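A.B. asks: I need the structure of the sequence given here:
(2 chains)
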Amino acid sequence: MEELKAMLKDKFPAIDFDREKTLMSSGILDSMAVVAIIAEIEEMFGISVTMEYIQPKYFESVETMWEMVEELQ
Amino acid sequence: MSYQSFGFILFSCAALILYYALGRKAQRWVLAAANLAFYLIAGPQYLPFLLVTMGTTYWAGLSMRRIYEQADTALKACADASAKKAVRAESRKKAKRSLQSGLFVTIALLAVCKYTGFVTTNLNALLSLLRIPQVPVFRMILPLGISFYSFMALSYILDVYWKRYPAEKNFLHYMVYLSYFPHIVQGPIDRFGEFDSQLQKGIALDTRNLAFGAELALWGFFKKLVIADRLGPFVSHVFDHYQECSGLMLLAGVLVYSIQIYADFSGCIDIVTGVSEMFGIRLRKNFNHPYFSRTMAEFWRRWHISLMEWFKDYVYFPVSASNLMRKVKKNLSAKGKSRQAELFASCFPILVVWMITGLWHGASWNFVIWGLFHAALLIGSQVLDPVFQKINARLHIRADGKWRRLWQMARTYLLCCLGRIFFRAADIKSAFGYLGGILTRLTRGVSFNGELKTNFALLLPEIRAFHPTRIYTLGRDFLNTDTGYGITLMNVLAAALAVLVLWVVDLKQEKMPLRETIAKKNIVLRWLILFAGLFAVLILGCYGPGFVASEFIYEKF
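C.D. replies: Numbers count the residues shown, from 1 in each chain, chains lettered A, B, ... in the order given. Take a look at the predicted model:
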């Protein structure tokens, strides 16, 4: 998960990923940001994020994104 | 039965009484009957189209549910991972076939009803260039709300396919969702999961729902009848006679049109959301004070939210996550063009979304250009964002400064207005003519109806001499004189006052939930506000004998 967090912090330095738990519902991440994150995750973990997982609930926090990665691995 | 009609108020009241009087178990049946009656009153000829979409997508959903259930049973019996993978792949393949049938019928029906005329007209233009005999132009009937209920049906089968929730077994539940009379004509484009869960346990009569719903509906009537319908004739006049209008008047025409369409569409959404709230059913939010947006991207997160979220979930993400996109990005990255790969990944889905958004609004090249204009703005702002940030940093411009915020809001509003010219004009030629008129005739003076001057000349001496009865009579004549632009001075003043109220309310709502705040005030003030709203609609609204209520702008989409 630390690897994922480091990538997110590098890509979005203005967002506090340790504290934010409602990244999607509070509008901190928009759809373009989600697409960029998916591309990074796919490259980093060698997985392909399918449509079942492209839902706001999987992008609310680092923890939920990690949950998605684990399920897809 | 239009949403702003007295008939709709009576219809909703009758449905409400039955809904709460017959008890919770009968609520879905009451809604189903009300939906059917509403649709039949609108036109029985539309019903077969709705039933075909409803039946096909219901069957597709049910078929996918069965396939997934069978796969789940088979998975339990599988010992190794490769066998499980094979079961999953097989079930996905079968489910895809059901999905494709549902998608095909729904999209084909929408396309045939909405775009046959457009396609055959353009085909004939091409054939005449090639000197080939033309084909007959087909114009199908456009079933009421087809653009909205088709999108709701598509979201249902796609969600089932992506296992976001299991398909509904009970046809009545699905029927109530798809044909729900408050959202079938102009949205919001609701999602089955959110909608149906509210009706699971039945809804108890709650006076708060009734009061809040009625307040919201009243506010919607105010927007539609006092603002949109008073401004409508002026906008129609300017757009219909754009060749004769000065640049300033053309500019005023499009600025006013932006207010009219906001009051019209958000007014309708407030009416239907308010009525639905009285039934205890919350609809998706569709507007969030869009004209306070600082960027176009923000504007589209605040305007017609349910449609934009639909496009995000069912077009933008699937295109972004498609194999084609992955291949193109991979190829570009392999060639060392990672910046281009990144740009392609972010821009191409936007282009696809806005091409379809344009066509969804209407079968005309105007709407395609309008869509491409917004795609260009969104892509441009994304590509140029690093440049703007550098400029701001160099000029020490504070990102959150008051004046910068105001400038950004004004810029977004003006860009939005620019696009609206293509949205409102009758065709492309008129749209460019209108735009050209603004640029070339901007310094030309604005001329008004001569009668206005004459009536004012008659009124002025009476004001100086202070003759109250004469001032009243002549003042009334003066205010009821047509300005020469399809609108009287009285209507200009009434609409201006109403727009000011709208602006103040929107500004307040940005900071606090207004209905909840009003509910906390003492009873005298609450009733005073309610009566003020009611009287504003009754006194300032456009209705009554001799007045033909204009249809809602989004009704024809």
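A.B. asks: going forward, measure contacts and count neighbours with C-alpha atoms only.
C.D. replies: OK.
A.B. asks: Not counting sequence-adjacent ones, nearest residue to B:Leu530?
C.D. replies: Once flanking residues are discounted, B:Leu530 sits nearest to B:Glu215: 7.4 Å by C-alpha to C-alpha, 6 or more residues apart in numbering or on different chains.
A.B. asks: That neighbour contacts B:Phe531, doesn't it?
C.D. replies: No. B:Glu215 is beyond contact range of B:Phe531, at 10.5 Å (criterion: C-alpha atoms under 8 Å).
A.B. asks: So which of these two has more stuff around it?
C.D. replies: Shown here are B:Glu215 and B:Phe531; by other C-alpha atoms under 10 Å in any protein chain shown, B:Glu215 has more neighbours (21 against 12).
A.B. asks: helix/strand/coil for the more buried one?
C.D. replies: helix (DSSP: H, G, I helix; E, B strand; the rest coil).
A.B. asks: how close does it sit to chain A?
C.D. replies: 27 Å (C-alpha to the nearest C-alpha, to the nearest Å).
A.B. asks: for that residue, what are its contacts?
C.D. replies: B:274, B:515, B:530 (C-alpha atoms under 8 Å, 6 or more residues apart in numbering or on different chains).
A.B. asks: State the pLDDT value of it.
C.D. replies: For B:Glu215, the pLDDT comes out at 91.
A.B. asks: residue contacts, the residue of the stretch 51-200 of chain B found nearest chain A?
C.D. replies: Closest residue of the stretch 51-200 of chain B to chain A, C-alpha to the nearest C-alpha: B:Trp162 (4.9 Å). B:Trp162 makes contacts with A:51-52, as judged by C-alpha under 8 Å, 6+ apart.
A.B. asks: which stretches of chain A form helices?
C.D. replies: A:2-11, A:31-45, A:62-72 (DSSP state H).
A.B. asks: Which stretches in the stretch 301-450 of chain B count as helices?
C.D. replies: B:305-311, B:317-320, B:323-334, B:338-361, B:365-394, B:402-424, B:428-440, B:450-465 (DSSP state H, counting those that start in this stretch).
A.B. asks: Would you mark the buried spots in the longest one?
C.D. replies: When burial is assessed from 16 or more other C-alpha atoms under 10 Å in any protein chain shown, helix B:365-394 yields the following buried residues: B:365-379, B:381-382.
A.B. asks: How about it and chain A, touching?
C.D. replies: No. Against chain A, helix B:365-394 shows no contacts by C-alpha under 8 Å from any C-alpha of the partner chain, the least distance being 9.6 Å.
A.B. asks: Give me the angle between that helix and helix A:31-45.
C.D. replies: 70 degrees (axes from the mean of the first three to the mean of the last three C-alpha atoms, to 10 degrees).
A.B. asks: Kindly report the same for the fourth one.
C.D. replies: Interaxial angle, helix B:338-361 versus helix A:31-45 (the same axes, to 10 degrees): 140 degrees.
A.B. asks: which strands and helices sit next to helix B:338-361?
C.D. replies: Helix B:338-361 sits against helix A:31-45, helix B:317-320, helix B:323-334, helix B:365-394, with contacts defined as 3 or more C-alpha pairs under 8 Å, 6 or more residues apart in numbering or on different chains; DSSP states H and E.
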